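Visitor: below are the sequence and a predicted model for it; my questions follow.
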Amino acid sequence: MSEQGGLQDEAMTRSERRKRKRTHIVSVLLLVVSVCVVSIWGMTKKETGEQKVIEQFMTALRQEDVHTLRQFIDIPLESDDTFLPLFAYLRKHPEGYEQIRKELKQQQDDRVYIKGLTSTPPVFLMKLSQGVYKFEPALYHVYVQTNEKGARIFINDTDVGETNVSLTKVGSYIPGLYELKLVTDEHEQTKQLLLFGGERIRIVHFYSNE
């Protein structure tokens with residue numbers, strides 16, 4: 001009798017072990033599924049949030065909404081006039097909107113531009129700053145090369161310096177369409193400067209025999 005009872009107890013123990021094992025496996029599977037669902041939900045929410053911000057940013061650009069753009073742009077801006085060259089470029093080159101949108105969507109796919117590794121940044125770099133999406137415009141460093149000494153340099157009618165050396169640094173500018181003028185006592189020369197994609201360092205050549 002005791003031997004039979006022992007066999008029954010052993011069988012019940014094996015049954016309990018199998019039951020516990022199945023319960024453990026089910027628990028692990030449920031945990032894995034839960035993690036996957038949360039991960040997918042988080043990625044979807046992030047992607048939806050990014051897309052929403054991109055559309056808001058694009059709308060502000062198209063409407064030339066300076067107030068909204070100031071909230072999006074992640075560099076100090078001296079005045080609302082800072083945006084005028086960008087608006088001027090996009091009015092003349094509306095395909096620029098699609099270029100910006102395409103570059104931002106590429107950044108959503110983790111093909112993010114890392115500053116310092118290339119000289120051709122996107123027009124706007126999208127980044128997360130303190131939980132808020134911001135757009136950092138490419139800054140182009142403009143130089144004037146000329147054989148004219150003592151000439152005044154103007155960008156969009158603003159005096160930005162004098163040509164006391166053959167290569168003069170003018171300043172750094174956000175994407176846009178600019179007018180660059182070189183003025184001496186005898187004459188003046190004017191050139192358009194397109195800053196929208198491409199290399200960050202731009203050299204504008206002025207010569208007295210042009």
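Guide: That came through, no problem. Remember, predicted model here, so these are calculated numbers, not experimental data.

Visitor: what number of residues lie near the nearest residue to Ala60 once chain neighbours are set aside?
Guide: Leaving aside its chain neighbours, Ala60 sits nearest to Thr68 (4.0 Å; criterion: C-beta to C-beta, 6 or more residues apart in numbering). (Glycine included, C-beta is placed from N, CA and C.) If you count neighbours by other C-beta atoms under 10 Å, Thr68 ends up with 15.

Visitor: which SS class is Thr68?
Guide: Recorded secondary structure, Thr68: helix (DSSP: H, G, I helix; E, B strand; the rest coil).

Visitor: ok, it to Phe57 distance?
Guide: Between Thr68 and Phe57 the distance is 8 Å, computed by C-beta to C-beta, to the nearest Å.

Visitor: what sits in contact with each of these two?
Guide: Common contacts of Thr68 and Phe57 (C-beta atoms under 8 Å, 6 or more residues apart in numbering): none found.

Visitor: low-confidence stretches in this structure?
Guide: 1-48, 108-119, 209-210 (pLDDT under 70).

Visitor: name the element the residue nearest in space to the middle of the chain belongs to?
Guide: In the chain, the residue lying closest to the centroid (C-alpha atoms, centre = their mean) is Leu125, at 1.3 Å. Assessed by DSSP states H and E, Leu125 sits inside strand 124-129.

Visitor: in its sheet, what does that strand sit against?
Guide: strand 132-137 (antiparallel) (DSSP bridges).

Visitor: alpha carbons of the following helix or strand past the strand it pairs with, as PDB, please.
Guide: Following strand 132-137 in sequence order, the next helix or strand is strand 140-146 (DSSP H and E). Output in PDB follows, covering the C-alpha atoms of strand 140-146 (Å, rounded to 0.1, in the frame of the first residue of the first chain):
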ATOM      1  CA  TYR A 140      27.200  78.400 -44.200                       C
ATOM      2  CA  HIS A 141      30.500  80.200 -43.700                       C
ATOM      3  CA  VAL A 142      30.900  82.800 -46.400                       C
ATOM      4  CA  TYR A 143      34.200  84.300 -47.600                       C
ATOM      5  CA  VAL A 144      35.000  87.000 -50.200                       C
ATOM      6  CA  GLN A 145      38.100  86.600 -52.300                       C
ATOM      7  CA  THR A 146      39.200  89.700 -54.200                       C
END
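
Visitor: show me what strand 140-146 is packed against.
Guide: strand 167-173, strand 176-183, strand 188-195, strand 201-206 (3 or more C-beta pairs under 8 Å, 6 or more residues apart in numbering; DSSP states H and E).

Visitor: report the buried residues of the helix or strand following that strand.
Guide: Elements were assigned by DSSP H and E; along the chain past strand 140-146, the next helix or strand is strand 152-155. By neighbour count with 16 or more other C-beta atoms under 10 Å, strand 152-155 contains the buried residues 152-155.
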